[in-house]
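Asks: Attaching a predicted model along with its sequence, questions to come.
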Amino acid sequence: MVGITVKEGEPYESFIRRFRRACENAGILREVKRREFFEKPSQRKKRKAAESRRRSFRRRYQDD
């Protein structure tokens, strides 16, 4: 769960912005969108394999 502390006298725009950034870093919106619809097990396997390929591709080119 994401939480922020509101500083005294802080305008609400700034702590809302910090809260949104914290939610984005925690991946909450991505998780909500992923769980919005049912995903068949075969689709889940394909998605995880594609994510794994993307991660390995990025790692390979970051090392160079």
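Replies: All right, it came through fine. Because the structure is a prediction, the values reported are computed rather than measured. Numbering: from 1, shown residues only.

Asks: Could you report the distance from the residue positioned nearest the centre of the chain to residue 39?
Replies: With distances taken as CA atoms, centre = their mean, the residue of the chain nearest its centroid is residue 27 (2.1 Å). Taking CB to CB, to the nearest Å as the criterion, residue 27 is separated from residue 39 by 17 Å. Where you see a C-beta, it was placed from the backbone N, CA and C, and this is true even at glycine.

Asks: With residue 62 instead?
Replies: For residue 62 relative to residue 39 (CB to CB), the value is 29 Å.

Asks: quick one: low-confidence ranges for this structure?
Replies: Counting by pLDDT under 70, the low-confidence segments of the chain come to 64.

Asks: try it again with 90
Replies: Within the chain, the stretches with pLDDT under 90 are 1-5, 7, 27, 29-31, 34, 58-64.

Asks: Residue most distant from the centroid, it?
Replies: Checked against the mean C-alpha position of the chain, the extreme residue using CA atoms, centre = their mean is residue 9, at a distance of 30.0 Å.
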